[in-house]
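A.B. asks: Below is the sequence, then the predicted model.
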Amino acid sequence: MTAFIPAAAAVASTRSGGGGRHAPSRRPSAAHAAVAAGSGWAAGTPARLPWPGGRLPAAAAAPFPGREPRITASAGAASAADAGAGAATANGEAAVAGAAGGAAAAAAPGVASSNPAAELVPSRPTIHVAPGSDPSLMDSVHVRLDTARHGPLAMVVVGASGDLAKKKTFPAIFSLFYHDLLPDDFVVYGFARRAMSDEAFREMILGTLTCRVIDGARCAERMDAFLPRCFYHMGTYDDPETFATLDAAIVDNFERRLPAGSDPPNRLFYLAVPPSVFAPSAEGVNTAARAKGNGWTRVVVEKPFGRDSASYGVLRSALGAVLSEDEIYRIDHYCGKELVQNLMTLRFANAVFEPIWNRHHIESVQIVFKEPFGVEGRAGYFDNIGIVRDIMQNHLLQVFALLAMEPPVSLHAEDIRNEKVKLLRSVMPLAATDFALGQYEATPEGKPGYTDDEGVPAGSRTPTFASCVLKVNNARWAGVPILIKAGKALDERVAEVRVQFKPVAGDIFGGRPARALANNELVIRVQPDEAIYMRIVSKVPGLTSRMEEARLNLFYRHAWEESKDIPDAYERLILDVIQGEKSLFIRDDEVEIAWDLFTPALQGMEAPDSEVVPDGTPAGSIPSAARLPPDFYS
Ligand SMILES: NC(=O)C1=CN([C@@H]2O[C@H](COP(=O)(O)OP(=O)(O)OC[C@H]3O[C@@H](n4cnc5c(N)ncnc54)[C@H](OP(=O)(O)O)[C@@H]3O)[C@@H](O)[C@H]2O)C=CC1
Ligand SMILES: O=C1O[C@H](COP(=O)(O)O)[C@@H](O)[C@H](O)[C@H]1O
């Protein structure tokens, strides 16, 4: 391995173009050209830090253009001094107007002039930081910018050659870097079994990076600055010796070269490997690769956390033997999705919802995940897991928990997680017979079936679709069926929550409203095209009294300029790990209860003589027999 990065490649020239929200992941650049030509990052050249002086140039470290200015929270209150547009309000709050909002207002010409009242209010969104409030609860980019920079950081992606690492982890790390949200001094190490040079590793990463942001010109420049900080280390997950050599590489190439007086260097290990190697990897970290001195060590563990209650028990003990609970970050990326995060705000910050958020007003809830593609090469993982463990037991259950829990005492991580646990303990046990299962099959048009995928054994009974009803035995939800369903190779990509309300009592319209729309429905569309909308009955304009379904819409892309730049869930979550913020991570006892809920059903459906087997369904369509589980309306 080599730590040397030619300065020309590391600080490749600024170039224009290649940008846009969906900028091409590959673009011509000096660094890329150097890799392609085999001349970049050559071994044998004197080792030195890949960036001048170990610090980013001041310009690169400054808040990114067009975004909100930085707030410095001091003595419990935010200083608006560097915000330019700040002002203290009468009640002592520091109000800071964001430049992004200003851009939004500017981008909507005519708004102010057509609405005189608009001139009386600031044209930018205002961020209030009350004196004495905990700035960590101010979920603003500015506070994050300030805190994220502290402490040199080595991030190690274990399983760096895999699907998740390539699709999500590296792009998320790069995006944080792009937005100046990583510490000034950081490196990324890829760790996996296959042989790969640093150059090949960078080439692999380069193929995965995109810039979802608008500032495309800066994107290429930032890629060029990012890649030299990336290194590869070949190792075996169950061999502590290879973690020892990784440790030595991090010390030699990075930590030893930090400027004098730096904070203690920290280490973040992201286990992007199959669950079978979580425990040995964590052991290797503990034995040989922990942060030195006062630096922190944090280990991100991916779902599924085991495959049932028993295996989770084993995993839990194995991880617990080498890491403290504080050091373990159980990630469920659905918790980092924008709309899932908005569930708490929607429920607890709006007076209209909470009074009707119960069995007296809600008839049913559906939480739905659909993907239009099948396992596509991930059969080795999926066939052993199935859709219930892959999506329902974690992603959909987390969405359910945030949707249905009682209000937490505060936004503190433990208060939120206490409420989730309390709710999950109120869910009635599930049996195999509560499930409807499906498996996608080949179609005459040539779409492959599940068992056509390489690695799927012929005759596999692994479900690729499942639905069941959660029944909650508490005062808020008793009697309200909560349908969760998930499937691969269905008709579309969508993840959404549909809250269906009871019909209006005492119809004075002769049944017309019900003919237009039987039930009001609140739809929270997590993806694609984030939105929250309410389906209502409305009178059609004009002289008739005709009624039709209409929608009260909150389409994110229309509502907020910021929605162009919604961070990927992994960005948010990795940043939270760096900042030690655990609200969006899954606590030990949450996982335990989640497995206790699903394990009896999984054992039932996986028993050799089980009668709960998947119905074959043509790929690309919704399983008709399995659309609803047997007792949805009971
Ligand atoms: N892929 C996705 O979209 C998502 C995945 N996850 C989770 O992330 C984790 C990783 O998933 P994913 O990247 O898809 O997995 P992969 O199957 O791609 O495996 C990741 C890497 O682990 C190594 N590996 C694979 N199988 C084994 C094995 N049996 N023993 C030891 N090492 C192995 C391989 O690296 P090498 O051979 O080079 O060492 C591989 O590149 C899983 O827990 C998954 O549930 C979570 C959310 C989404
Ligand atoms: O965890 C997983 O999630 C993905 C779907 O994630 P999304 O963010 O694209 O909705 C799924 O494809 C994969 O099977 C599963 O392991």
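C.D. replies: Nice, thanks for sending it over. Remember, it's a predicted structure, so these values are computed and weren't measured experimentally. Ligands and ions are numbered 1, 2, ... in the order given.

A.B. asks: ok, Asn519 - contacts?
C.D. replies: Glu363, Gln500, Phe501, Lys502, Pro503 (Cβ atoms under 8 Å, 6 or more residues apart in numbering). C-beta: built from backbone N, CA, C; applies to glycine.

A.B. asks: in the helix or strand encompassing Pro600, what's buried?
C.D. replies: Following DSSP states H and E, one finds Pro600 within helix 588-606. Under the neighbour-count criterion of 16 or more other Cβ atoms under 10 Å, helix 588-606 has 588, 590-602, 604-606 buried.

A.B. asks: Same check on stretch 166-184?
C.D. replies: Buried, per 16+ other Cβ under 10 Å, within stretch 166-184: 166, 168-184.

A.B. asks: returning to that earlier point: residues contacting the helix or strand that comes right after the helix holding Pro600, please?
C.D. replies: Using DSSP H and E, the helix or strand that follows helix 588-606 towards the C-terminus is strand 615-618. Outside of strand 615-618, the residues within contact range by Cβ under 8 Å, 6+ apart are 436-443, 447, 449, 465, 623-626.

A.B. asks: Would the helix holding Pro600 count as contacting ligand 1?
C.D. replies: No: Helix 588-606 lies apart from ligand 1 when judged by Cβ under 6 Å from any ligand atom; the minimum separation is 13.4 Å.

A.B. asks: of the contacts of Asn519, closest to Phe400?
C.D. replies: Phe400 has its nearest neighbour among the contacts of Asn519 in Gln500, at 15.0 Å by Cβ to Cβ.

A.B. asks: can you confirm the closest one is in a strand?
C.D. replies: Yes: checked against DSSP: H, G, I helix; E, B strand; the rest coil, Gln500 lies within a strand.

A.B. asks: now it: how far from Ile482?
C.D. replies: As for Gln500, its distance to Ile482 is 11 Å (criterion: Cβ to Cβ, to the nearest Å).

A.B. asks: Which neighbours do those two have in common?
C.D. replies: The contact sets of Gln500 and Ile482 overlap at Ser364, Val365, Gln366 (Cβ under 8 Å, 6+ apart).

A.B. asks: Out of those residues, name the ones that lie in strands.
C.D. replies: If you go by DSSP state E, these have Ser364, Val365, Gln366 in strands.

A.B. asks: how many other residues sit next to the second one?
C.D. replies: Right, the one you point to is Val365. Using other Cβ atoms under 10 Å, the number of residues around Val365 comes to 22.

A.B. asks: That one touches Leu403, doesn't it?
C.D. replies: Yes: at 7.0 Å, Val365 counts as touching Leu403 under the criterion of Cβ atoms under 8 Å.

A.B. asks: Now list whatever residues contact both of these two.
C.D. replies: Val497, Val499.

A.B. asks: helices and strands around the helix holding Pro600, which ones?
C.D. replies: Under the contact definition 3 or more Cβ pairs under 8 Å, 6 or more residues apart in numbering; DSSP states H and E, helix 588-606 sits against helix 309-322, strand 328-331, helix 397-404, helix 413-425.

A.B. asks: The same query, at a cut-off of 7 Å, please.
C.D. replies: helix 309-322, helix 413-425 (3 or more Cβ pairs under 7 Å, 6 or more residues apart in numbering; DSSP states H and E).

A.B. asks: Distance from the chain centre to it, please.
C.D. replies: In terms of Cα atoms, centre = their mean, to the nearest Å, the centre of helix 588-606 is found 23 Å from the chain centre.

A.B. asks: Tell me which residue of the chain is furthest from the middle?
C.D. replies: The centre of the chain is farthest from one residue, Leu543, which by Cα atoms, centre = their mean lies 49.0 Å away.

A.B. asks: is it fair to say it lies in a strand?
C.D. replies: No: looking at Leu543 with three-state DSSP, it is coil, so not inside a strand.

A.B. asks: Can you give me the neighbour number for the residue in the stretch 201-350 of the chain that ligand 2 sits nearest to?
C.D. replies: As assessed by Cβ to the nearest ligand atom, ligand 2 sits closest to His333 within the stretch 201-350 of the chain, at 5.9 Å. By other Cβ under 10 Å, the residues close to His333 number 21.

A.B. asks: Pro567 is in contact with that one, correct?
C.D. replies: No: between His333 and Pro567 there is no contact, the gap being 11.6 Å when judged by Cβ atoms under 7 Å.

A.B. asks: who in the stretch 301-450 of the chain is up against ligand 1?
C.D. replies: Taking Cβ under 6 Å from any ligand atom as the criterion, the stretch 301-450 of the chain approaches ligand 1 at residues Glu302, Lys303, Pro304, His333, Arg378, Tyr381.
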